[in-house]
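got a predicted structure here, sequence first:
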Amino acid sequence: MRPPRCLSALCLAALAAPAIAAGSQPRGARPVRQAEAAQPRFNFGDITLTGFARLTGRINDKVTAEGPNTRVDAVDAKTGARARITADQIIATMKNRQVERIDAVGSVEFQGQRPAVDRKGLQKLEGSGTRGTYYKLEGRLVLEGPVKFYAEQPPASGAGRQSVQGTAAQAVYDEKKLLLVLSGNVHAKVLDTENLGPEGSDVVSDVVEIDMSTSPYTFRLRSSGGDSQVRVRPKTKEE
């Protein structure tokens, strides 16, 4: 009886495997190194999940990824914006074959960047909290605290750097409006190498809105009864 013909590269590889395992390598060939364990990876709609220890769910509905190094990456092909969320647990929910929202629980970290509008360079936003929700179709991120945040962008002139960092109870970021709203005992430090001294300026308030579409950033402060404080340290001629 004639042996069956191999119709694919997979079949050929299967036939060749025993010979390699037996040590019958071509003379002069490099030794075959043991393959490293593949990193877990799962594409779910237009996002990619990696680093998880366990993943469960249903295709075109919802998946749950768990593990201390669980990450989800999303890229917007239209704007060039990139976002990464790392957490102990990530739940991604799909609607009409698009990921609608991403819920993250436990040691949540967010990293996002996009090309700056009307200037060279990148606008960056980083944040951390105990839990968070990324409403992907809306382009809105909500982080629950205590929250640490950091935002950075190049000034319109292209020289130097503008940034703001600090802490709050909650942070809400609107990607489309480039608006960051911080609430709950907000403490922020603003650095602007073009207009401020090296120590920067301090902001304390119940609610702080930061318009990241302008250069420099535009701030709006709201207070429910306590005093809002802004300490500005302008740049001197010597600086």
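Okay, I see it. Here the structure is a predicted model, which means the values were calculated and not measured. Numbering: from 1, shown residues only.

can you tell me the centre-most residue of this structure?
For the chain, the residue nearest the mean C-alpha position is Arg84 (2.4 Å; Cα atoms, centre = their mean).

contact partners for it?
Arg71, Val72, Asp73, Ala74, Phe110, Gln111, Gly112 (Cβ atoms under 8 Å, 6 or more residues apart in numbering). Glycine gets a C-beta too; all of them are placed from N, C-alpha and C.

a markdown table for those, including neighbour count and secondary structure?
Output for the contacts of Arg84, formatted as a markdown table (neighbours: other Cβ atoms under 10 Å; DSSP: H, G, I helix; E, B strand; the rest coil):
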| residue | neighbour count | secondary structure |
| --- | --- | --- |
| Arg71 | 18 | strand |
| Val72 | 27 | strand |
| Asp73 | 14 | strand |
| Ala74 | 19 | strand |
| Phe110 | 23 | strand |
| Gln111 | 17 | strand |
| Gly112 | 20 | strand |
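
list just the nearest of the residues you listed to Val142.
Of all the contacts of Arg84, Phe110 has the smallest distance to Val142: 10.3 Å, by Cβ to Cβ.

contacting residues for the closest one?
Counted by Cβ under 8 Å, 6+ apart, Phe110 has contacts Ala83, Arg84, Ile85, Leu125, Glu126, Gly127, Ser128, Gly132, Tyr134, Leu141, Leu143.

who does it bridge with?
Counting by DSSP bridges, Phe110 is bridged to Ile85, Gly127.

what pLDDT does it get?
Looking at Phe110, its pLDDT is 96.

buried subset of the contacts of Phe110, written for PyMOL?
The following PyMOL line selects those of the contacts of Phe110 that are buried, judged by 16 or more other Cβ atoms under 10 Å:
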select buried, resi 83+84+85+125+126+127+128+132+134+141+143
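
would you list the contacts of Phe110 in JSON lines and tack on pLDDT?
As requested, these are exported to JSON lines (pLDDT from 0 to 100):
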{"residue": "Ala83", "pLDDT": "93"}
{"residue": "Arg84", "pLDDT": "96"}
{"residue": "Ile85", "pLDDT": "97"}
{"residue": "Leu125", "pLDDT": "93"}
{"residue": "Glu126", "pLDDT": "96"}
{"residue": "Gly127", "pLDDT": "96"}
{"residue": "Ser128", "pLDDT": "97"}
{"residue": "Gly132", "pLDDT": "97"}
{"residue": "Tyr134", "pLDDT": "95"}
{"residue": "Leu141", "pLDDT": "94"}
{"residue": "Leu143", "pLDDT": "97"}
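
ok, of the contacts of Phe110, which one's closest to Gly45?
So of those, ranked by how close each gets to Gly45 (Cβ to Cβ), first place is Tyr134, at 13.4 Å.

A strand includes that closest one, no?
Yes. The assignment for Tyr134 is a strand, going by DSSP: H, G, I helix; E, B strand; the rest coil.

and for it, nearest residue in space, chain neighbours not counted?
Ile102 (4.3 Å; Cβ to Cβ, 6 or more residues apart in numbering).
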